[in-house]
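Novice: Got a predicted structure here, sequence first:
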Amino acid sequence: MADGPILVLGATGGQGSAVIEALLGRGARVRALVRDPGRGAARRLADRGVEVVAGSLDDRGSLATAMAGAGAVFALTTPFEAGVDAEVAQGRAILAAAGEARVPHLVFSSVAGADQGSGVPHFDSKARIETELAAGDVPYTILGPTYFFDNALGGADRIRSGVLDLPLPADRPLQQLARTDLGVFAAQVLLDPAPYVGRRIELASDAPTPAQMAAALSAALGREVRHERVPLAEIDNPDMHAMWTFLNGPGYQVDIATLHAAHPEVGWTSFAEWAHHTFGSVP
């Protein structure tokens, strides 16, 4: 790996935090890009020896400054604040800055299925960024996370009241990923890039059905949680409607057995383990 700290974009978000945890666990030097270094989460990173720098995913200048001298960069983009066009603009700013700073290796967190022509807006925006990344001259690895376990937390109150709302049949497996597993995998790629450069790797920890998820949550909470299938027609957000249509159709295509066999060091987390850790201590 090139000398210099590893820069993590979106450092206080779910993915960035997981990557930083894994990097610190391996003794790496870490630089974190945050919007406001004065906020609590950023100050806590600084207290742990992380070099915290201010910047924004859509500001090429601050990105290039943050990337200067970095040994590698973990990058992501988001459509959930200003839409998919803004996400593509973020991607272009990141790629331009990485070229300007001559970043030795860029790890881009995209999404599983982005290369399937899914018609999901926030998959297609990431596919556009992937295409431009692959066409450029910055050495790269693309990671494709599936649905995160933590997405269930959006309905945590409903789960605690006994209902898991998911727009899927009870027996339809949903490939999912623990953020901690993403962090461990990304840290491995960032610290030992040679086997991964130029590759696109999709990631999943487990593939429980909604019925199995409800059973795991029931066990964690010590009381019954049942799956309730949300009709697709009730999902008003066009992007989310498209995503759930995709997940009811072709869905993610990760070869989980091969992935886990090739990377046992990740210690892949089952949904049941995640549920126990997340909900098991709930009074």
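Specialist: That came through fine.
Novice: Any chance of the backbone angles for H263?
Specialist: Phi and psi for H263, reported as degrees, to the nearest 10, are phi -130, psi 60.
Novice: Give the closest residue to it in space, chain neighbours not counted.
Specialist: F185 (6.8 Å; C-beta to C-beta, 6 or more residues apart in numbering). Heads up, the C-betas are built off the backbone N, CA and C, glycines and all.
Novice: what's around that neighbour, how many residues?
Specialist: By other C-beta atoms under 10 Å, the residues close to F185 number 26.
Novice: Run through the helices of the stretch 51-200 of the chain in chain order.
Specialist: For the stretch 51-200 of the chain, the helices defined by DSSP state H, counting those that start in this stretch cover 60-67, 84-100, 121-135, 156-160, 179-191.
Novice: Spell out which residues sit in contact with the residue nearest to H263, please.
Specialist: The contact partners of F185, by C-beta atoms under 8 Å, 6 or more residues apart in numbering, come to L143, I201, L203, H263, V266.
Novice: same check, this time on T146
Specialist: Contacts of T146 by C-beta under 8 Å, 6+ apart are V111, A112, G113, Q175, Q176, L177, E202, L203, A204, Y252, V254.
Novice: Mind checking the helices of the stretch 51-200 of the chain for the one nearest to M240?
Specialist: With C-beta to C-beta, the closest approach to M240 among the helices of the stretch 51-200 of the chain belongs to helix 121-135: 9.1 Å.
Novice: Tell me how many other residues crowd F271.
Specialist: Residues lying near F271 (other C-beta under 10 Å) number 22.
Novice: Do I have it right that it meets P208?
Specialist: Yes: with contact defined as C-beta atoms under 8 Å, F271 reaches P208; the gap is 4.5 Å.
Novice: T78: which of the contacts of F185 is nearest?
Specialist: Nearest to T78 out of the contacts of F185 is L143 (C-beta to C-beta; 15.2 Å).
Novice: Okay, and the beta partners of the closest residue in space to that closest one that isn't next to it in sequence?
Specialist: Nearest residue to L143 in three dimensions, chain neighbours excluded: S109, at 5.1 Å (C-beta to C-beta, 6+ apart). Beta-bridge partners for S109, by DSSP bridges, are L76, L143.
Novice: what about S109, neighbour count?
Specialist: For S109, the count of nearby residues is 22 (other C-beta under 10 Å).
Novice: Just the buried residues of the host helix or strand of W274, please?
Specialist: For W274, the host element (DSSP states H and E) is helix 271-279. Along helix 271-279, these residues count as buried under the neighbour rule (16 or more other C-beta atoms under 10 Å): F271, A272, E273, W274, A275, H276, T278, F279.
Novice: S270 is in contact with H260, correct?
Specialist: No: look at H260 against S270 with C-beta under 8 Å: they stay out of range, at 10.9 Å.
Novice: okay, how far is it across stretch 99-117, tip to tip?
Specialist: 28 Å (C-alpha to C-alpha, to the nearest Å).
Novice: Equivalent analysis for stretch 201-217, please.
Specialist: So stretch 201-217: terminal residues 29 Å apart, C-alpha to C-alpha.
Novice: buried set for the host helix or strand of R43?
Specialist: Assigned by DSSP H and E, R43 belongs to helix 40-47. Counting neighbours by 16+ other C-beta under 10 Å, one finds that the buried residues in helix 40-47 are A42, L45.
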